[in-house]
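Novice: model this:
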Amino acid sequence: MRQVTATGQTVEDAVQSALKQLNTIRDQVDVEIIDEGKKGLLGLFGSKPAIVKVSVLQNPIQKAETYIKQVTQQLGADVEVSSFVNGKEVTFELTGDKIAILIGKRGQTLNALQYLLQLALNNSADKYYTVHLDAEGYRGRRKETLHNLASRLAEKAISTRKEVSLEPMPSYERKVIHTALQHHDKVTTHSAGEEPNRHVVIKPS
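Specialist: Predicted coordinates for the structure are as follows:
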């Protein structure tokens, strides 16, 4: 958090000095008055300057970036965080040396981090955001894997003429499977089970 301590003849003078140093505006800062100052006799003798501490407020996205960096540090991985906002959707991209720790088996750790990040962001935001957390392109690679899995298991369902159940997946991964096979003319898909064991079933037509 950027902050400065500034002085001035009045509190307002001190605040304006701080705003100039921080290159920001009043609506984007928090002002703590340390000393209101004293004018002194005839405005000269015994006067004391006003002292304020002015801190730049973080927006919810910046707070979320700071939060995920703190969490990943506790997991033993120092990361850089980039964020991209598209309406009410926010994508956070992690890069670093120990990304595998943060992804986990089949993305389970990354999914858990995404859930925590969504809670943290929406706890401080004035509107609801949908959060996507990625780590050095893992989501794209996982999506390709799921597409291949969908095709392979669809062929299995056709050849055996039996339903094929996939392993439990989070909703957005199930959506990838459904989307991959939605135009397939020989199989249909649906989700079955209760969370956290909800899974996709591929059924021959």
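
Novice: Report the contact partners of Asp126.
Specialist: Pro60 (Cβ atoms under 8 Å, 6 or more residues apart in numbering). Where you see a C-beta, it was placed from the backbone N, CA and C, and this is true even at glycine.

Novice: Quick check: it is in a helix.
Specialist: No: assigned with DSSP: H, G, I helix; E, B strand; the rest coil, Asp126 falls outside any helix and is coil.

Novice: What spatial separation is found between it and Thr66?
Specialist: 18 Å (Cβ to Cβ, to the nearest Å).

Novice: now Lys48
Specialist: Taking Cβ to Cβ, one finds Lys48 at 36 Å from Thr66.

Novice: List the pairing partners of the strand or helix carrying Leu94 within its sheet, with orientation.
Specialist: Element membership for Leu94 (DSSP states H and E) is strand 89-96. Strand 89-96 pairs in its sheet with strand 79-86 (antiparallel), strand 130-135 (parallel), by DSSP bridges.

Novice: Please tell me how far the helix or strand harbouring Lys20 is from the chain's geometric centre.
Specialist: Assigning secondary structure by DSSP H and E places Lys20 in helix 11-22. Computed by Cα atoms, centre = their mean, to the nearest Å, the separation of helix 11-22 from the middle of its chain amounts to 32 Å.

Novice: So Leu113 sits against Ile68, correct?
Specialist: Yes: using Cβ atoms under 8 Å, Leu113 is in contact with Ile68, at 6.9 Å.

Novice: shared neighbours of the two, anything?
Specialist: Leu133.

Novice: quick revisit: deepest-packed of the strands paired with strand 89-96, please.
Specialist: strand 130-135 (a mean of 20; mean count of other Cβ atoms under 10 Å).
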